[in-house]
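>>> how would this look folded up:
(chains A, B and C)
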Amino acid sequence: MPELPEVETTKNKITPALQGQKIVRVEVRQPSLRWIVSPEIMRLKNETVHDLSRRGKYIILTLDHGYLVIHLGMTGFLKIVDANTPIGKHDHIDLVLEDGKILRYNDIRRFGSWQWFENIEDCILIQNLGVEPLSDDFNSAYLLNRFKTKKIACKIAIMDSKIVVGVGNIYASEALFLAKIHPETPANQLNIKQINDLVSSIKAVLLKALKEGGTTIKDFQQSDGKIGYFVQQLNVYGRQGKKCYVCGTLIESKVLGQRNSFFCPACQKK
DNA sequence: CAGAGCTCCTGAATGC
DNA sequence: TGCATTCAGGAGCTCT
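Prediction:
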(Lines give C-alpha, C1' and ligand atoms only; values in the text may rest on other atoms or scores of the structure.)
Protein backbone atom coordinates (compact mmCIF):
# COMPACT_ATOMS: atom_id res chain seq x y z
CA MET A 1 0.00 0.00 0.00
CA PRO A 2 2.13 2.79 -1.28
CA GLU A 3 2.33 5.84 0.91
CA LEU A 4 4.34 8.91 0.10
CA PRO A 5 7.78 7.40 0.78
CA GLU A 6 6.95 4.46 -1.48
CA VAL A 7 5.79 6.75 -4.24
CA GLU A 8 8.89 8.92 -3.95
CA THR A 9 11.09 5.83 -3.95
CA THR A 10 9.33 4.48 -7.02
CA LYS A 11 9.67 7.76 -8.86
CA ASN A 12 13.37 7.97 -8.10
CA LYS A 13 13.97 4.38 -9.15
CA ILE A 14 12.32 4.66 -12.54
CA THR A 15 13.59 8.13 -13.42
CA PRO A 16 16.98 7.08 -14.89
CA ALA A 17 15.31 4.61 -17.25
CA LEU A 18 12.71 7.11 -18.45
CA GLN A 19 14.27 10.53 -18.57
CA GLY A 20 15.12 11.58 -22.12
CA GLN A 21 13.61 8.41 -23.54
CA LYS A 22 11.05 8.45 -26.32
CA ILE A 23 7.84 6.50 -25.88
CA VAL A 24 7.43 4.10 -28.79
CA ARG A 25 3.95 2.91 -27.87
CA VAL A 26 1.65 2.16 -24.99
CA GLU A 27 0.01 -1.19 -24.45
CA VAL A 28 -3.06 -1.11 -22.28
CA ARG A 29 -4.26 -4.59 -21.44
CA GLN A 30 -6.72 -3.50 -18.76
CA PRO A 31 -8.10 0.04 -19.18
CA SER A 32 -10.48 -0.29 -16.27
CA LEU A 33 -8.57 1.32 -13.42
CA ARG A 34 -9.81 3.90 -10.90
CA TRP A 35 -10.82 5.79 -14.01
CA ILE A 36 -10.90 4.37 -17.50
CA VAL A 37 -7.55 4.88 -19.23
CA SER A 38 -8.16 7.52 -21.90
CA PRO A 39 -7.63 7.11 -25.66
CA GLU A 40 -4.96 9.82 -25.53
CA ILE A 41 -2.82 7.57 -23.36
CA MET A 42 -3.38 4.52 -25.55
CA ARG A 43 -2.31 6.52 -28.60
CA LEU A 44 0.82 8.01 -27.05
CA LYS A 45 3.91 7.69 -29.23
CA ASN A 46 6.94 9.71 -30.22
CA GLU A 47 6.63 11.64 -26.98
CA THR A 48 9.84 12.19 -25.07
CA VAL A 49 9.82 11.92 -21.30
CA HIS A 50 11.44 15.12 -20.15
CA ASP A 51 10.95 14.94 -16.43
CA LEU A 52 9.45 12.97 -13.59
CA SER A 53 8.07 14.63 -10.49
CA ARG A 54 5.84 13.82 -7.57
CA ARG A 55 2.97 15.72 -6.03
CA GLY A 56 1.32 14.00 -3.11
CA LYS A 57 1.05 10.41 -4.18
CA TYR A 58 0.84 11.29 -7.85
CA ILE A 59 3.77 10.65 -10.16
CA ILE A 60 3.88 13.12 -13.03
CA LEU A 61 5.67 12.47 -16.31
CA THR A 62 6.28 15.61 -18.34
CA LEU A 63 6.10 14.76 -22.05
CA ASP A 64 6.32 16.89 -25.19
CA HIS A 65 2.66 17.73 -25.41
CA GLY A 66 1.23 17.03 -22.02
CA TYR A 67 1.42 15.25 -18.70
CA LEU A 68 0.96 11.64 -17.73
CA VAL A 69 -0.33 11.52 -14.18
CA ILE A 70 -0.04 8.17 -12.43
CA HIS A 71 -1.46 7.19 -9.05
CA LEU A 72 -0.55 3.81 -7.57
CA GLY A 73 -3.72 3.48 -5.55
CA MET A 74 -3.30 0.79 -2.96
CA THR A 75 -1.60 -2.03 -4.77
CA GLY A 76 -0.10 -0.45 -7.84
CA PHE A 77 3.59 -0.54 -8.62
CA LEU A 78 5.84 0.41 -11.51
CA LYS A 79 8.87 -1.47 -12.65
CA ILE A 80 11.34 -1.28 -15.49
CA VAL A 81 11.59 -4.53 -17.42
CA ASP A 82 13.20 -5.82 -20.62
CA ALA A 83 11.20 -6.30 -23.78
CA ASN A 84 11.06 -10.06 -23.47
CA THR A 85 9.85 -10.14 -19.88
CA PRO A 86 6.72 -12.29 -19.68
CA ILE A 87 3.53 -10.45 -18.84
CA GLY A 88 2.30 -11.42 -15.42
CA LYS A 89 -1.07 -11.36 -13.79
CA HIS A 90 -2.32 -7.81 -13.19
CA ASP A 91 0.34 -6.29 -15.48
CA HIS A 92 -2.12 -3.79 -16.91
CA ILE A 93 -0.07 -1.21 -18.81
CA ASP A 94 3.27 -1.10 -20.66
CA LEU A 95 5.00 2.09 -21.67
CA VAL A 96 7.38 0.86 -24.34
CA LEU A 97 10.54 2.95 -24.66
CA GLU A 98 12.86 3.63 -27.56
CA ASP A 99 15.71 1.60 -26.06
CA GLY A 100 13.54 -1.48 -25.69
CA LYS A 101 12.93 -1.15 -21.98
CA ILE A 102 9.40 -1.10 -20.70
CA LEU A 103 7.78 0.77 -17.83
CA ARG A 104 5.32 -1.84 -16.63
CA TYR A 105 2.36 -1.08 -14.37
CA ASN A 106 0.95 -3.80 -12.15
CA ASP A 107 -2.04 -3.22 -9.93
CA ILE A 108 -3.91 -6.08 -8.28
CA ARG A 109 -6.89 -4.09 -7.07
CA ARG A 110 -6.91 -1.46 -9.78
CA PHE A 111 -7.39 1.44 -7.41
CA GLY A 112 -4.62 3.28 -9.21
CA SER A 113 -4.99 5.55 -12.23
CA TRP A 114 -3.30 6.75 -15.41
CA GLN A 115 -4.53 10.12 -16.58
CA TRP A 116 -3.55 12.48 -19.37
CA PHE A 117 -3.59 16.28 -19.27
CA GLU A 118 -2.45 18.73 -21.89
CA ASN A 119 -2.01 21.31 -19.17
CA ILE A 120 -1.25 20.26 -15.64
CA GLU A 121 -3.51 23.07 -14.43
CA ASP A 122 -6.41 21.02 -15.77
CA CYS A 123 -5.68 18.28 -13.27
CA ILE A 124 -8.09 19.40 -10.56
CA LEU A 125 -7.12 16.54 -8.30
CA ILE A 126 -3.58 17.84 -8.08
CA GLN A 127 -4.57 21.51 -7.96
CA ASN A 128 -6.70 20.85 -4.89
CA LEU A 129 -3.98 19.10 -2.91
CA GLY A 130 -2.74 20.42 0.40
CA VAL A 131 0.89 21.09 1.28
CA GLU A 132 3.75 18.62 1.01
CA PRO A 133 4.49 17.20 4.47
CA LEU A 134 8.27 17.41 4.06
CA SER A 135 8.24 20.99 2.84
CA ASP A 136 8.59 24.10 5.00
CA ASP A 137 4.99 24.95 4.10
CA PHE A 138 3.92 22.19 6.44
CA ASN A 139 4.52 23.78 9.82
CA SER A 140 2.75 24.41 13.11
CA ALA A 141 1.21 27.70 12.06
CA TYR A 142 -0.22 26.15 8.93
CA LEU A 143 -1.64 23.10 10.69
CA LEU A 144 -3.06 25.15 13.54
CA ASN A 145 -4.82 27.35 11.04
CA ARG A 146 -6.23 24.44 9.04
CA PHE A 147 -7.31 22.57 12.17
CA LYS A 148 -9.03 25.43 13.96
CA THR A 149 -12.38 24.75 12.32
CA LYS A 150 -12.04 20.97 12.15
CA LYS A 151 -14.03 19.04 14.70
CA ILE A 152 -13.21 15.67 13.22
CA ALA A 153 -10.78 13.22 14.82
CA CYS A 154 -7.23 14.42 14.25
CA LYS A 155 -6.33 11.03 12.76
CA ILE A 156 -8.85 11.62 9.99
CA ALA A 157 -7.72 15.24 9.59
CA ILE A 158 -4.06 14.42 9.00
CA MET A 159 -5.13 11.92 6.36
CA ASP A 160 -7.09 14.61 4.49
CA SER A 161 -5.07 15.29 1.35
CA LYS A 162 -6.62 18.74 1.03
CA ILE A 163 -4.78 19.64 4.23
CA VAL A 164 -1.54 17.71 3.89
CA VAL A 165 -0.70 15.09 1.30
CA GLY A 166 0.95 11.75 1.67
CA VAL A 167 -0.09 10.75 5.17
CA GLY A 168 -1.76 7.39 4.71
CA ASN A 169 -3.29 5.09 7.24
CA ILE A 170 -0.10 3.43 8.40
CA TYR A 171 1.93 6.56 8.98
CA ALA A 172 -1.02 8.42 10.48
CA SER A 173 -1.17 5.93 13.33
CA GLU A 174 2.60 5.91 13.67
CA ALA A 175 2.91 9.70 13.75
CA LEU A 176 0.18 10.05 16.37
CA PHE A 177 1.92 7.48 18.53
CA LEU A 178 5.21 9.37 18.32
CA ALA A 179 3.42 12.62 19.17
CA LYS A 180 1.59 10.91 22.06
CA ILE A 181 -1.76 12.09 20.77
CA HIS A 182 -4.93 10.01 20.89
CA PRO A 183 -6.26 9.53 17.34
CA GLU A 184 -9.79 10.50 18.35
CA THR A 185 -8.84 13.90 19.71
CA PRO A 186 -10.78 16.49 17.70
CA ALA A 187 -8.40 18.36 15.42
CA ASN A 188 -9.47 21.76 16.75
CA GLN A 189 -8.76 20.73 20.34
CA LEU A 190 -5.07 20.06 19.91
CA ASN A 191 -2.94 22.54 21.82
CA ILE A 192 0.14 24.27 20.43
CA LYS A 193 2.53 21.73 21.81
CA GLN A 194 0.54 18.89 20.35
CA ILE A 195 0.40 20.59 16.97
CA ASN A 196 4.16 21.09 17.11
CA ASP A 197 4.72 17.46 18.06
CA LEU A 198 2.35 16.25 15.38
CA VAL A 199 4.08 18.22 12.64
CA SER A 200 7.52 17.00 13.63
CA SER A 201 6.30 13.43 14.11
CA ILE A 202 4.73 13.30 10.66
CA LYS A 203 7.95 14.60 9.13
CA ALA A 204 10.03 12.16 11.18
CA VAL A 205 7.95 9.12 10.28
CA LEU A 206 7.93 9.94 6.58
CA LEU A 207 11.63 10.79 6.51
CA LYS A 208 12.52 7.57 8.24
CA ALA A 209 10.46 5.53 5.81
CA LEU A 210 11.97 7.44 2.91
CA LYS A 211 15.43 6.65 4.18
CA GLU A 212 14.52 2.98 4.41
CA GLY A 213 13.45 3.05 0.80
CA GLY A 214 9.74 3.00 1.45
CA THR A 215 7.82 0.75 3.73
CA THR A 216 6.14 -2.14 2.62
CA ILE A 217 3.53 -4.34 3.53
CA LYS A 218 2.31 -7.24 1.44
CA ASP A 219 1.41 -5.65 -1.86
CA PHE A 220 4.05 -3.01 -2.28
CA GLN A 221 7.16 -3.78 -4.24
CA GLN A 222 9.88 -1.41 -5.24
CA SER A 223 10.23 -0.78 -8.94
CA ASP A 224 13.02 -3.31 -9.18
CA GLY A 225 10.65 -5.91 -7.77
CA LYS A 226 12.28 -6.10 -4.35
CA ILE A 227 10.01 -6.33 -1.37
CA GLY A 228 10.56 -3.65 1.25
CA TYR A 229 11.59 -4.15 4.82
CA PHE A 230 10.26 -1.36 7.01
CA VAL A 231 7.26 -3.19 8.38
CA GLN A 232 9.04 -4.56 11.43
CA GLN A 233 9.76 -1.05 12.66
CA LEU A 234 6.14 -0.03 13.07
CA ASN A 235 5.27 0.86 16.66
CA VAL A 236 1.51 0.50 16.62
CA TYR A 237 0.16 -0.25 13.15
CA GLY A 238 -1.20 -3.80 13.01
CA ARG A 239 -0.08 -4.45 16.60
CA GLN A 240 -3.42 -4.52 18.42
CA GLY A 241 -3.28 -6.82 21.44
CA LYS A 242 0.50 -6.64 21.56
CA LYS A 243 2.59 -4.74 24.09
CA CYS A 244 3.51 -1.12 23.54
CA TYR A 245 7.26 -0.93 23.06
CA VAL A 246 7.36 2.11 25.34
CA CYS A 247 5.16 1.19 28.30
CA GLY A 248 4.00 -2.39 27.82
CA THR A 249 0.32 -1.54 27.71
CA LEU A 250 -1.63 -3.51 25.11
CA ILE A 251 -2.08 -1.67 21.81
CA GLU A 252 -5.70 -1.06 20.85
CA SER A 253 -7.38 -0.63 17.51
CA LYS A 254 -10.49 1.25 16.52
CA VAL A 255 -12.14 2.10 13.23
CA LEU A 256 -12.16 5.83 12.52
CA GLY A 257 -13.54 7.09 9.24
CA GLN A 258 -13.68 3.59 7.78
CA ARG A 259 -10.03 3.05 8.58
CA ASN A 260 -8.54 0.95 11.30
CA SER A 261 -6.47 2.98 13.71
CA PHE A 262 -3.93 1.72 16.19
CA PHE A 263 -2.80 3.39 19.38
CA CYS A 264 -1.45 2.86 22.87
CA PRO A 265 -4.21 3.88 25.33
CA ALA A 266 -1.60 4.76 27.95
CA CYS A 267 0.89 6.73 25.85
CA GLN A 268 -1.84 8.44 23.83
CA LYS A 269 -4.37 9.77 26.33
CA LYS A 270 -7.52 11.49 25.14
C1' DC B 1 -19.22 24.15 3.82
C1' DA B 2 -18.34 20.12 7.02
C1' DG B 3 -18.57 15.57 7.77
C1' DA B 4 -20.24 10.80 7.37
C1' DG B 5 -20.61 7.00 4.52
C1' DC B 6 -20.17 4.59 -0.01
C1' DT B 7 -17.56 2.90 -3.76
C1' DC B 8 -14.18 0.69 -6.89
C1' DC B 9 -11.13 -4.28 -6.62
C1' DT B 10 -8.62 -8.80 -5.49
C1' DG B 11 -6.67 -11.92 -2.42
C1' DA B 12 -5.73 -13.39 2.24
C1' DA B 13 -7.78 -14.78 6.29
C1' DT B 14 -11.52 -16.55 8.71
C1' DG B 15 -15.94 -19.15 9.51
C1' DC B 16 -18.84 -23.17 9.16
C1' DT C 1 -11.70 -29.87 1.61
C1' DG C 2 -14.51 -26.31 -0.01
C1' DC C 3 -17.50 -22.77 -0.29
C1' DA C 4 -19.13 -18.27 1.65
C1' DT C 5 -18.11 -14.25 4.22
C1' DT C 6 -15.14 -10.58 5.96
C1' DC C 7 -11.52 -7.45 5.80
C1' DA C 8 -7.97 -4.32 3.95
C1' DG C 9 -7.52 0.37 2.12
C1' DG C 10 -6.66 5.72 -1.32
C1' DA C 11 -9.42 9.02 -2.08
C1' DG C 12 -13.06 10.81 -5.01
C1' DC C 13 -18.01 11.07 -4.90
C1' DT C 14 -22.69 11.39 -2.99
C1' DC C 15 -25.72 12.54 0.45
C1' DT C 16 -27.14 14.82 4.65
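>>> Point out the other helices and strands that the helix ranked longest in chain A packs with.
In terms of residue count, the longest helix belonging to chain A (DSSP state H) is helix A:192-211. Applying 3 or more CB pairs under 8 Å, 6 or more residues apart in numbering; DSSP states H and E, we find helix A:192-211 packed against helix A:4-18, helix A:140-147, helix A:154-158, helix A:169-178. From N, CA and C alone the C-beta is placed, and that goes for glycine too.
>>> hmm, 7 Å instead?
In terms of contacts (3 or more CB pairs under 7 Å, 6 or more residues apart in numbering; DSSP states H and E), helix A:192-211 is packed against helix A:4-18, helix A:140-147, helix A:169-178.
>>> show me what contacts residue A:200?
By CB atoms under 7 Å, 6 or more residues apart in numbering, no residues touch residue A:200.
>>> Okay, it and DNA strand B: tell me how far apart.
23 Å (CB to the nearest atom of the strand, to the nearest Å).
>>> Same question for residue A:53.
25 Å.
>>> tell me which element the closest residue to that residue other than its chain neighbours falls in.
Nearest non-adjacent residue to residue A:53, counting by CB to CB, 6 or more residues apart in numbering: residue A:60, 4.8 Å away. Using DSSP states H and E, residue A:60 maps to strand A:58-62.
>>> Quick check: neighbours of that strand in the sheet, parallel or antiparallel?
strand A:51-55 (antiparallel), strand A:67-71 (antiparallel) (DSSP bridges).
>>> Show residues contacting that strand.
So strand A:58-62 is contacted by A:7, A:10-11, A:49-54, A:67-71, A:126 (CB under 7 Å, 6+ apart).
>>> May I see the PyMOL selection of the buried members of those residues?
With 16 or more other CB atoms under 10 Å as the criterion, this PyMOL line picks the buried residues out of the contacts of strand A:58-62:
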select buried, chain A and resi 7+10+11+49+52+54+67+68+69+70+71+126
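>>> closest to residue A:202 among the contacts of strand A:58-62?
Nearest to residue A:202 among those is residue A:7, at 15.7 Å by CB to CB.
>>> For the closest one, list the residues it contacts.
Applying CB under 7 Å, 6+ apart, the residues near residue A:7 are A:54, A:57, A:59, A:72.
>>> could I get these as TSV with distance to DNA strand C and pLDDT?
What follows is these, written out as TSV (distance: CB to the nearest atom of the strand, whole Å; pLDDT from 0 to 100):
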residue	distance to DNA strand C	pLDDT
A:54	11	94
A:57	4	91
A:59	11	95
A:72	8	92
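>>> Of all pairs in these, which one is the farthest apart?
A:54 and A:72 (10.9 Å).
>>> looking at the helices and strands packed on helix A:192-211, which is closest to DNA strand B?
helix A:140-147 (9.1 Å; CB to the nearest atom of the strand).
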